[in-house]
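Colleague: Got a predicted model here, sequence first, then my questions.
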Amino acid sequence: MTRDLFIQASYLASSVLFILGLRSLTHPDSARRGMHLAALGMLLAVIGTLLHREIIDYRWILGGLALGSLVGYPMGMWVPMTAMPQRIAISHMFGALAATLVGVAEFVTLANGADVGHAQMAALGFEVLFGSLTITGSLIAFLKLQGILPGLPLTFRGQNVMSVALFASGAGLLAWLVANPAQPVAFHAMLFVGLGFGISLVLPIGGADMPVVISLLNSYAGLASAATGFAIGNNVLVIAGALDGASGFILSVVMSRAMNRSFGNVLFGAFGTPQTGSAASTAGLTVHAVSPEDAAVQIAYAHKVIVVPGYGLAVSQAQHQLRELAALVEKNGGEVTYAIHPVAGRMPGHMNVLLAEADVPYDRLREMEDVNPQFESADVVLVIGANDVVNPAAKHDPKSPIYGMPILDVEQAKHVLVLKRSMNPGFAGIDNQLFYMPQTSILFGDAKASLQKLITEVRQA
Ligand code: NAP
């Protein structure tokens, strides 16, 4: 009795810690504390679970703990921030795999469904269907983001029909199983249909839609865990899964809005392929390359500088040099703010985290809607490793794959200074007219090296 009480108390405490952790994650100042609270919550949940009377042998559990630590530690320590989306995708795959295996084990243990009630079958079926589609969906997302599979949408004739057929069969099998749980063949068929649906769901998605898919799969993995909690009567799994499912879903909606995908597309995962065609040609246009000395003159005495950070800033890890340059501009009497696009970089909040690492004050960060009217009056807009999020084709070229995505209105500025290494495109793989406009100069080179040169020059100016 005391042991059961202790288990339930630890589950309650860990649920409270998860909620407080999530709450703290909503602000960069408290985000680190939020992570610690959530990790403590997870530790309590694990301890509570290990005390269950049903556990008669700890050897497999210890083996799993050792294996998990062996895989998890290097993943946490050595995977760079820029590879975070694929790392998250593979974590979702493991989470969904665990939920699915628990579902299958539970079904088999309960006399292949003969001892399963209708309500429990609904939870088990939901768990296995969502779990299995999340396994393969996350795996495909990982392979695409890691560059093992092409990142572009992979389509074939009749793909949409196949996806709808798989979805309908999965849902049909689930309904049938709820009515007649003792159907092992139908149960395993549903598992394979789920695995197939995950592949057909993510293969046709590519380019700029990937972040939405990742957070949607996060939501699916959470829902599968919540269903596991119902199936095996574990309260903390229900609560943690529901938190994960709901927050992943909200994030998907917020990101899809930022990328101009409709709510319906997010809900049903039917993203389809982006429009084909290319953005207006830039052939024959020339760019204005600038030297560090000339670029420094533009910045040194500017009154109003808006920095647009992007993926390239994260690649070159130049956030500390950026902060140093901003301090010099401020010392000369200038004002520096940072324009944050919701999908700049490669994961939600990427730029916020990066700038927080360099102690950039949070109140200098401006969201897209607030900063867009400001570009017109800026003396210089410093674009560092950003490309798609400042591509004006999104506004006026219906043939562009990113048409409709809200962007930062950098092209309105009087002077734009871009730091990048070459004329290579960004994530969406398309050219950017901004780089050829008369007000734009490009300082070619790695962002960190270029910022270091600018710091030296501004100091001398
Ligand atoms: P981007 O469009 O991918 O462009 C990155 C730019 O950085 C490129 O122009 C590249 O040009 C430059 N660059 C790369 N390494 C550099 C270095 N070491 N030094 C200087 N420049 C460097 O980036 P973005 O404007 O931030 O847009 C983000 C894109 O990623 C969007 O399409 C978004 O949909 C997608 N996405 C976002 C998320 C998310 O959740 N935030 C997740 C997945 C995908 P060079 O090679 O010429 O240097």
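Modeller: Done, it's in.
Colleague: mind saving the C-alpha coords of stretch 363-383 as PDB?
Modeller: Only the C-alpha atoms of stretch 363-383 are listed here, as PDB (Å, rounded to 0.1, in the frame of the first residue of the first chain):
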ATOM      1  CA  ASP A 363      14.400  42.700 -25.300                       C
ATOM      2  CA  ARG A 364      16.500  43.500 -28.500                       C
ATOM      3  CA  LEU A 365      14.800  40.600 -30.400                       C
ATOM      4  CA  ARG A 366      11.800  41.600 -32.600                       C
ATOM      5  CA  GLU A 367       9.300  39.300 -34.000                       C
ATOM      6  CA  MET A 368       8.500  39.400 -37.800                       C
ATOM      7  CA  GLU A 369       5.200  41.400 -37.500                       C
ATOM      8  CA  ASP A 370       6.800  44.000 -35.200                       C
ATOM      9  CA  VAL A 371      10.000  44.500 -37.200                       C
ATOM     10  CA  ASN A 372       8.700  44.500 -40.700                       C
ATOM     11  CA  PRO A 373       7.500  48.100 -40.600                       C
ATOM     12  CA  GLN A 374      11.000  49.100 -39.300                       C
ATOM     13  CA  PHE A 375      13.100  48.000 -42.200                       C
ATOM     14  CA  GLU A 376      12.300  51.200 -44.200                       C
ATOM     15  CA  SER A 377      13.800  53.400 -41.600                       C
ATOM     16  CA  ALA A 378      16.900  51.300 -40.900                       C
ATOM     17  CA  ASP A 379      20.300  52.700 -41.900                       C
ATOM     18  CA  VAL A 380      21.700  49.200 -42.500                       C
ATOM     19  CA  VAL A 381      20.200  45.800 -42.400                       C
ATOM     20  CA  LEU A 382      22.800  43.100 -41.700                       C
ATOM     21  CA  VAL A 383      21.700  39.800 -43.100                       C
END
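Colleague: what's the average pLDDT for that stretch?
Modeller: Mean pLDDT, stretch 363-383: 96.
Colleague: Would you mark the buried spots in it?
Modeller: By neighbour count on 16 or more other CB atoms under 10 Å, the buried set for stretch 363-383 is 365-366, 368, 371-372, 374-375, 378-383. Using the backbone N, CA and C atoms, a C-beta is placed for each residue, glycine as well.
Colleague: tell me which parts of this protein are close to the ligand?
Modeller: Within the chain, the positions near the ligand by CB under 6 Å from any ligand atom are 85, 208, 210-211, 310-312, 315-316, 343-348, 350, 385-389, 419-422, 424, 426-428, 446-447.
Colleague: Go through the buried residues of stretch 363-383 and flag which are in helices.
Modeller: 368, 371 (DSSP state H).
Colleague: of all the buried residues of stretch 363-383, which comes closest to Asp294?
Modeller: Within the buried residues of stretch 363-383, proximity to Asp294 (CB to CB) peaks at Val380, which comes in at 12.2 Å.
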